[in-house]
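[1] the sequence isn't on hand, but the structure is:
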């Protein structure tokens, strides 16, 4: 699965991402980039993952954690599983 595959799924709905945090702990997060799911008060100006004219291999993926009700990020190369 590529970074773009994950971003596509995030933009379509809620997905569960299991990843290793920077401190080594494993985390499971239900997250999305679908603006129909994210509360209007939390809508950003962009989803933070599009960087025109910049290297698109940037490792961090920003997304909205539907359980914590806030913006979080995870490192693409630390993803163990996407459900």
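    Sure, I can see it. All figures in this text were calculated on a predicted structure; none of them were measured in a lab.
[2] gap between stretch 10-22 and the chain center?
    Between the mean C-alpha point of stretch 10-22 and the mean C-alpha point of its chain there is a distance of 5 Å (C-alpha atoms, centre = their mean, to the nearest Å).
[3] now that stretch: mean pLDDT?
    Averaged over stretch 10-22, pLDDT sits at 96.
[4] just stretch 32-48 next, same as before
    Mean pLDDT, computed over stretch 32-48, is 88.
[5] okay, how far is it across it, tip to tip?
    Terminal residues of stretch 32-48 lie 12 Å apart, using C-alpha to C-alpha, to the nearest Å.
[6] would you mind listing the buried residues in it?
    Within stretch 32-48, the residues scored as buried using 16 or more other C-beta atoms under 10 Å are 32-34, 38, 47. C-beta here means a position set from N, CA and C on the backbone, and glycine is covered the same way.
[7] same question for stretch 14-22.
    Neighbour-count burial for stretch 14-22, counted by 16+ other C-beta under 10 Å, picks out 14-15, 17, 19.
[8] need the residues you listed in CSV with secondary structure and distance to residue 66, can you?
    What follows is the buried residues of stretch 14-22, written out as CSV (DSSP: H, G, I helix; E, B strand; the rest coil; distance: C-beta to C-beta, whole Å):
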residue, secondary structure, distance to residue 66
14, coil, 6
15, strand, 10
17, strand, 12
19, strand, 16
